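In: coordinates only, sequence not included:
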């Protein structure tokens with residue numbers, strides 16, 4: 001965790017949340033992954049529509 005903090009991959013707030021409730025933190029990261037995948041899918045669909053037009 002110290003390395004992640006030192007290179008900016010984890011904020012102090014996130015580190016505290018992780019330490020306090022690891023399962024809730026994992027659930028939040030899964031939700032974030034789902035959101036990123038949804039954004040990527042939407043971009044891919046937009047690219048396909050633009051290419052066809």
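Out: Received, thanks. This one's a predicted model, so the numbers in the text were calculated from it and none came from an experiment. Numbers count the residues shown, from 1 in each chain.
In: can we go C-alpha only for contacts and neighbour counts from here?
Out: Noted.
In: buried residues in stretch 14-25?
Out: Buried residues in stretch 14-25, counted by 16 or more other C-alpha atoms under 10 Å: 15, 18, 25.
In: Where do the helices of the chain begin and end?
Out: For the chain, the helices defined by DSSP state H cover 2-6, 12-20, 22-52.
In: Mean pLDDT lowest where, among those?
Out: Of all the helices of the chain, the segment with the smallest mean pLDDT is helix 2-6, scoring a mean of 77.
In: So the spatially closest residue to residue 5 that is not a sequence neighbour versus residue 29, what's the distance?
Out: By the measure of C-alpha to C-alpha, 6 or more residues apart in numbering, the closest residue to residue 5 outside its immediate chain neighbours is residue 11, 6.0 Å from it. Remark: distance between residue 11 and residue 29 (C-alpha to C-alpha, to the nearest Å) = 14 Å.
In: tell me the contacts of residue 10?
Out: Shown in contact with residue 10 (C-alpha atoms under 8 Å, 6 or more residues apart in numbering): 1, 4.
In: Let's see that with 6 Å instead.
Out: residue 4 (C-alpha atoms under 6 Å, 6 or more residues apart in numbering).
In: per-residue confidence for it?
Out: pLDDT, residue 10: 81.
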